[in-house]
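Trainee: Sequence and computational prediction follow.
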Amino acid sequence: MLQFGLSATTDGEWAVLAVSGEVDLATGPALRERLLELADGGARHVVVDLRQVHFMDSVSLGVLVAASRRLRDAEPAGSLRLVCTNEQVIKAFVLTGLLPMFPMHASVEQARAAADHPAGSSGDDGNG
């Protein structure tokens, strides 16, 4: 079993938070604190890398929703993007109806590129 862990890197207005292990009632508060620290430290856009997470409960989903709202409602507005390839973790987002709020990306690079286009936007103006 993978032990819970958090590892953050920052690059200007961007932060990447790599999460590992189980994110649940016991570890959710640590995730919340780290996301708050990143936002308070100047990160406007946060990519949460969940590729090493094998379980998330409703508490941890709530932490991500709150962090997303905080970043989105900030001035200037920011974003929270998720990287996840684990079908079990993605299923938690599907079952709770949160998948439209959190499009899943296969890599940090893909998530950062997608942040250039708001959720639901392909970046195409429809005229081509």
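Mentor: Alright, I've got the coordinates.
Trainee: Please count neighbours and contacts with C-alpha atoms only from this point.
Mentor: OK.
Trainee: do you know how far residue 33 is from residue 97?
Mentor: 25 Å (CA to CA, to the nearest Å).
Trainee: Can you name the next helix or strand after the helix or strand hosting residue 33?
Mentor: Secondary structure from DSSP states H and E places residue 33 in helix 28-40. Scanning forward in sequence from helix 28-40 by DSSP H and E, the next helix or strand is strand 45-56.
Trainee: if we look at that following strand, which residues are touching it?
Mentor: 13-24, 38, 71, 78-86, 88-89, 92, 107-108, 111-112, 115 (CA atoms under 8 Å, 6 or more residues apart in numbering).
Trainee: So which of these belong to helices?
Mentor: Cross-referencing the contacts of strand 45-56 against helices under DSSP state H gives 38, 71, 88, 89, 92, 108, 111, 112.
Trainee: which among these end up buried?
Mentor: By neighbour count, with 16 or more other CA atoms under 10 Å, those hold 38, 71, 89, 92, 108, 111, 112 as buried.
Trainee: and these, which two are the farthest apart?
Mentor: Using CA to CA, the two most remote members of those are 38 and 92, lying 24.6 Å apart.
Trainee: and which of the buried ones among the ones in helices among the contacts of strand 45-56 is nearest residue 58?
Mentor: Of those, the one sitting nearest to residue 58 (CA to CA) turns out to be residue 92, at 8.2 Å.
Trainee: Against residue 99, how distant is the closest one?
Mentor: 9 Å.
Trainee: Also residue 110?
Mentor: 17 Å.
Trainee: before we move on, what about residue 108?
Mentor: Residue 108 is 18 Å from residue 99, by CA to CA.
Trainee: Same check on residue 88?
Mentor: The value you get for residue 88 to residue 99, if CA to CA is used, is 13 Å.
Trainee: give me the low-pLDDT residue ranges for this protein?
Mentor: 1, 115-128 (pLDDT under 70).
Trainee: For residue 80, list each beta-bridge partner.
Mentor: Here residue 80 sits in beta bridges with residue 46, going by DSSP bridges.
Trainee: Surely it and residue 66 touch.
Mentor: No: judged on CA atoms under 8 Å, residue 80 makes no contact with residue 66 at a distance of 10.2 Å.
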